[in-house]
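> give me coordinates for this.
(chains A, B and C)
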Amino acid sequence: MKYYKKELWFNISERVAFINITNQVEEALQESGIKEGLCLINAMHITASVFINDDERGLHEDYKKWLEELAPHEPISQYLHNRSGEDNGDAHLKRQVMGREVVVAVTDGKLDFGPWEQIFYGEFDGRRRKRVLVKIIGE
Amino acid sequence: MKYYKKELWFNISERVAFINITNQVEEALQESGIKEGLCLINAMHITASVFINDDERGLHEDYKKWLEELAPHEPISQYLHNRSGEDNGDAHLKRQVMGREVVVAVTDGKLDFGPWEQIFYGEFDGRRRKRVLVKIIGE
Amino acid sequence: MKYYKKELWFNISERVAFINITNQVEEALQESGIKEGLCLINAMHITASVFINDDERGLHEDYKKWLEELAPHEPISQYLHNRSGEDNGDAHLKRQVMGREVVVAVTDGKLDFGPWEQIFYGEFDGRRRKRVLVKIIGE
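Next up, the predicted model:
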């Protein structure tokens, strides 16, 4: 069995943003030399997500608006979590809707994707350095 | 290490539906000959889900009603995504709630399930051919 | 390839609760002797979740309040599922928001975590014996 690990670093200037990381994950897969297996991609921070969906700007705005309705950022005082001095209570909720991680099949040395699948880093509490983990196992 | 891949095809006549695919995944597992490992089952389309829950008709109706409340299909104009000529903006949101994929343990040649776990394909934008990927690794 | 399986049992006295199981998963990893690979941790019941987030009491209360707003327990009659004699229709919905499972990278014999990641069992229909599955594969 082969295995490979890589960390991707981000420092997003907005509080909420979606970044297409498909190319970076494909690059990690090439570096690994793994042809068949599974590739885990997960946010290492609990106010961020990794998810797979469409790279379409309108959709991303729809996600932001919808998540803000499901878990509004303000008033900050509505979240007990924010009594600890944070203002990111909403980010912990939004991340659960969008998910922590994806697992992608590796077949013939490639991410085994359907026609529109793209991998995104979802930031809900930006303006700080944060990481995504890529771990690939297989042969 | 052994690995096995199979695609399951669907063409659902409704816009929204849940299809029990447990038997098809078990069949793929038997074909693989893998006795111990992990089995990934993921939607290959971004307006569909794979999830695990109960095979109970009332519950599935509850899911449909609840998802329609969380992300209504109409009015179509409420989603920026639909300005690109689509009418499936809501489907991209519903799929995030229900999830893209599940990973199931394989133990003694079987899906290692609790008493009520069943695997479903969740369709949120049907009436077209779409796929689910089954990828199994192990030994 | 090595593999290891362990079941963790719970009998939560409340209907809804979040239990930190990070230490129990780390213990299973030590028992496995696996140094590099993937670790799947999933609820074996369909009214429970396994998720990763912060071990902060205020946040957990925020989750409970938020999930109750998204999928209220009462009135019980609002869920078709409950016509089968159950009162846990809401629990099947809450579990989808929080997720069934997490997959964690194993690196150098440890769960490869960011600074605040902790694993939780999320119970939404307690007062009965329920299980979590830990399955680790690697070498």
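> mind listing what residue A:99 touches?
For residue A:99, the contacting residues are A:49-51, B:96, B:99-100, C:99, by C-beta atoms under 8 Å, 6 or more residues apart in numbering or on different chains. Placement of C-beta: from N, CA and C, glycine included.
> try residue A:117
Residue A:117 makes contacts with A:52-53, B:44, B:46, as judged by C-beta under 8 Å, 6+ apart.
> could you dump the contacts of residue A:99 into JSON lines with secondary structure and pLDDT added?
Shown next, in JSON lines, are these (DSSP: H, G, I helix; E, B strand; the rest coil; pLDDT from 0 to 100):
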{"residue": "A:49", "secondary structure": "strand", "pLDDT": "98"}
{"residue": "A:50", "secondary structure": "strand", "pLDDT": "98"}
{"residue": "A:51", "secondary structure": "strand", "pLDDT": "98"}
{"residue": "B:96", "secondary structure": "helix", "pLDDT": "98"}
{"residue": "B:99", "secondary structure": "coil", "pLDDT": "98"}
{"residue": "B:100", "secondary structure": "coil", "pLDDT": "98"}
{"residue": "C:99", "secondary structure": "coil", "pLDDT": "98"}
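> get me the contact residues on chain A for chain C.
A:1, A:3, A:5, A:38, A:40, A:42-46, A:70-71, A:79-84, A:89, A:92-93, A:95-97, A:99-101, A:103, A:131, A:133, A:135, A:137 (C-beta under 8 Å from any C-beta of the partner chain).
> elements contacting the host helix or strand of residue A:135?
Using DSSP states H and E, residue A:135 sits in strand A:129-138. Here strand A:129-138 touches strand A:2-11, helix A:22-32, strand A:37-43, strand A:48-53, strand C:37-43, strand C:101-107, going by 3 or more C-beta pairs under 8 Å, 6 or more residues apart in numbering or on different chains; DSSP states H and E.
> okay if I get the ones you listed as JSON lines plus mean neighbour count?
JSON lines is the format used below for the helices and strands packed on strand A:129-138 (neighbours: other C-beta atoms under 10 Å in any protein chain shown):
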{"stretch": "strand A:2-11", "mean neighbour count": "16"}
{"stretch": "helix A:22-32", "mean neighbour count": "17"}
{"stretch": "strand A:37-43", "mean neighbour count": "26"}
{"stretch": "strand A:48-53", "mean neighbour count": "25"}
{"stretch": "strand C:37-43", "mean neighbour count": "26"}
{"stretch": "strand C:101-107", "mean neighbour count": "23"}
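> what's the closest of the ones you listed to residue A:116?
For the helices and strands packed on strand A:129-138, proximity to residue A:116 was assessed by C-beta to C-beta; strand A:48-53 is nearest, at 8.1 Å.
> how about the closest one and chain B, touching?
Yes - judged by C-beta under 8 Å from any C-beta, strand A:48-53 comes into contact with chain B through A:51-53.
> got it, and stretch A:62-75?
Yes - Stretch A:62-75 is in contact with chain B by C-beta under 8 Å from any C-beta, via A:62-63, A:66, A:70.
> just want the residue of chain A that's nearest chain B.
Distance from chain B to each residue of chain A (C-beta to the nearest C-beta) is smallest for residue A:114, at 2.9 Å.
> enumerate the residues of chain A near chain B.
Within chain A, the residues that sit near chain B (C-beta under 8 Å from any C-beta) are A:1, A:36-38, A:51-54, A:56-59, A:61-63, A:66, A:70, A:97-99, A:102-105, A:107, A:112-117, A:137-139.
> can you tell me the centre-most residue of chain A?
Nearest to the mean C-alpha position of chain A, counting by C-alpha atoms, centre = their mean, stands residue A:50 at 1.9 Å.
> can you pull the contacts of the residue in chain A positioned nearest to chain C?
For chain A and chain C, the shortest gap (C-beta to the nearest C-beta) falls at residue A:44, measuring 2.9 Å. By C-beta under 8 Å, 6+ apart, the residues touching residue A:44 are A:7, A:130-133, C:113-115, C:117.
> just give the nearest non-adjacent residue to it, would you?
Of all residues not flanking residue A:44 in the chain, residue C:114 sits nearest, at 2.9 Å (C-beta to C-beta, 6 or more residues apart in numbering or on different chains).
> that neighbour - how many residues pack around it?
Look at residue C:114: counted by other C-beta atoms under 10 Å in any protein chain shown, it has 17 neighbours.
> try the one 5 residues further on
Residues near residue C:119, counting by other C-beta under 10 Å, number 25.
> state the distance from it to residue B:96.
Distance of residue C:119 to residue B:96, computed by C-beta to C-beta, to the nearest Å: 22 Å.
> now swap in residue A:115 and tell me
Counting by C-beta to C-beta - residue A:115 and residue B:96 are separated by 19 Å.
> higher neighbour count, the two?
Legend: neighbour count by other C-beta under 10 Å for residue A:115 and residue B:96, higher for residue B:96 (23 against 9).
> could you double-check that the more buried one sits in contact with residue A:94?
No - between residue B:96 and residue A:94 there is no contact, the gap being 10.5 Å when judged by C-beta atoms under 8 Å.
> please save the CA atoms from stretch A:116-127 in CSV.
Extracted C-alpha coordinates of stretch A:116-127, given in CSV (Å, rounded to 0.1, in the frame of the first residue of the first chain):
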residue,chain,number,x,y,z
TRP,A,116,-19.4,18.7,-13.2
GLU,A,117,-17.8,17.7,-10.0
GLN,A,118,-15.3,20.2,-8.6
ILE,A,119,-13.8,20.4,-5.1
PHE,A,120,-14.2,23.5,-3.0
TYR,A,121,-12.7,24.9,0.2
GLY,A,122,-15.6,26.7,2.0
GLU,A,123,-14.5,29.4,4.3
PHE,A,124,-16.9,30.7,6.9
ASP,A,125,-14.6,32.6,9.3
GLY,A,126,-11.7,33.8,7.2
ARG,A,127,-9.0,36.5,7.6
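> so what's the gap between that stretch and the chain middle?
In terms of C-alpha atoms, centre = their mean, to the nearest Å, the centre of stretch A:116-127 is found 4 Å from the chain centre.
> check stretch A:83-102 too.
Computed by C-alpha atoms, centre = their mean, the separation of stretch A:83-102 from the middle of its chain amounts to 12 Å.
> kindly report the same for stretch A:16-25.
7 Å.
> now tell me what touches it from outside.
With contact meaning C-beta under 8 Å, 6+ apart, stretch A:16-25 is reached by A:8, A:10, A:12, A:39, A:41, A:50, A:55, A:60, A:63-64, A:67, A:94, A:104, A:111, A:118-124, A:126, A:132, A:134.
> likewise for stretch A:86-97?
When contacts are defined by C-beta under 8 Å, 6+ apart, stretch A:86-97 is touched by residues A:16, A:43, A:46-49, A:67, A:70-73, A:76, A:78-82, A:122, A:124-125, B:96-97, C:51, C:53-54, C:58-59, C:62-63, C:66, C:97-99.
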